[in-house]
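Chemist: Mind looking at a prediction? Sequence and model below.
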Amino acid sequence: MINFDIFGKPYFGKVEPLRIPYMGSKRKIAEQLFQKMLEIKPNAKYFFDLFGGGGAMSFFAVQLGLKTYYNEKQKGLVDLINYILQRARNGEKGQYGIFPDDFYDFIGREQFKILKDEDSIKGQFARICYSFGNSQKSYLFGDIEELKHLAHDIVVFRNENALAEFNQKTNSNFVLSKKESWNERRFDFMAQVIGRLDLDQLQQLERLQQLQQLQRLERLPNFTISNLDFQDVKIQTPIEETIIYLDPPYRGTTEYKEIALVDDIDNFFRNSPFACFMSEYNAPFDSVLEIRKESLLNNTGAKKKFIIEKLFWNKK
């Protein structure tokens, strides 16, 4: 819920930082962005997320009580969100969570090569949970794939044969966790590995973290979801009560699967009668917020690289 202090600054109660793992996610800075937007537009009741991507901003808006419209041109993402929410509404679950049981099997490199090009829910799931840097293109694991597979089967399925092989390959004596859920067992396994094996990637169990993030979406209330070009979204809500947010592929970058036309975005932003906010590094508009963030790309050196994330406003 949204509250305002005596100075008109918005503050929020408990909001769960939900998202689909996605390059450029705003999960870590969503609260700061909403504080600024609602400070400028305190009467907002409607939130349009025209480049929804991993959904972090829409999921935050829903929990604030805003009437939320998520739009994303990448059909696979839209289908996956609808799939999760529909299964949650229908009470459909497998024995390991919201997804069918086969989604919890480890996906190896060869299977990923096949799935990443599939126009299917399982294909989108693989692109999200098993791609390096959430690029949806290249496989997540390199030489460590075999150990990752064993660790996966230990955690998810409590597989004793996988445990014995893992211990033999790493000269370890790990034990199976007795915790009920695989997510609890994930933390148990990480606690055993940290400090005992010099395998940083193995300690993280990234794809299980991402799988857990996907499962948490089942808790969301309903919101409007569309699969359109951003300019085709119909916006007919009261101007003074509406926020339009754009988080397009940043100009000058090529990491995304879909590259939008910069001129079309800028013209829409400039000419819309609604209050529009845009996340970018550089744009020909007035910045109302700057956030210093650690770069997630090529940031493995001793000296960390930082970027300045900016929020632009069209002054409407």
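Modeler: Yep, that arrived.

Chemist: mind listing the strands in this protein by residue range?
Modeler: With DSSP state E, the ranges of strands along the chain come out as 2-4, 10-12, 46-49, 67-71, 224-226, 242-246, 275-280, 286-294, 306-313.

Chemist: Let's test this: mean pLDDT of the third one, rounded?
Modeler: What it means is strand 46-49. Throughout strand 46-49, pLDDT has a mean value of 98.

Chemist: tell me what it is packed against?
Modeler: helix 56-64, strand 67-71, strand 242-246 (3 or more Cβ pairs under 8 Å, 6 or more residues apart in numbering; DSSP states H and E). Where C-beta positions appear, they are placed from N, C-alpha and C, glycine not excepted.

Chemist: Can you give the contact residues for it?
Modeler: 55, 57-58, 61, 66-71, 233, 235, 237-238, 241-245, 247 (Cβ atoms under 8 Å, 6 or more residues apart in numbering).

Chemist: neighbouring strands for that strand, and are they parallel or not?
Modeler: strand 67-71 (parallel), strand 242-246 (parallel) (DSSP bridges).

Chemist: Please give me every residue in contact with residue 118.
Modeler: residue 126.

Chemist: for the protein, what spans make up the helices?
Modeler: Along the chain, counting by DSSP state H, helices occupy 30-40, 56-64, 75-90, 109-115, 121-129, 145-157, 160-170, 182-193, 200-204, 206-215, 262-271.

Chemist: mean pLDDT lowest for which of these?
Modeler: helix 200-204 (a mean of 56).

Chemist: where does the stretch 201-316 of the chain dip in pLDDT?
Modeler: Residues of the stretch 201-316 of the chain meeting the criterion pLDDT under 70: 201-204, 252-260, 295-304.

Chemist: hmm, back to that, looking at the helices and strands packed on strand 46-49, which is closest to residue 306?
Modeler: helix 56-64 (20.0 Å; Cβ to Cβ).

Chemist: Could you tell me which other helices and strands that closest one packs against?
Modeler: helix 30-40, strand 46-49, strand 67-71.

Chemist: May I see the buried residues of that helix?
Modeler: With burial defined by 16 or more other Cβ atoms under 10 Å, the residues of helix 56-64 counted as buried are 56-64.

Chemist: same check, this time on stretch 95-106
Modeler: 96-99, 103-104, 106.

Chemist: These: which two are farthest apart?
Modeler: 98 and 106 (18.1 Å).

Chemist: what about the residue nearest to residue 281 when sequence neighbours are not counted, distance to residue 34?
Modeler: Spatial nearest neighbour of residue 281, excluding adjacent residues (Cβ to Cβ, 6 or more residues apart in numbering): residue 250 at 5.5 Å. Distance of residue 250 to residue 34, given as Cβ to Cβ, to the nearest Å: 20 Å.
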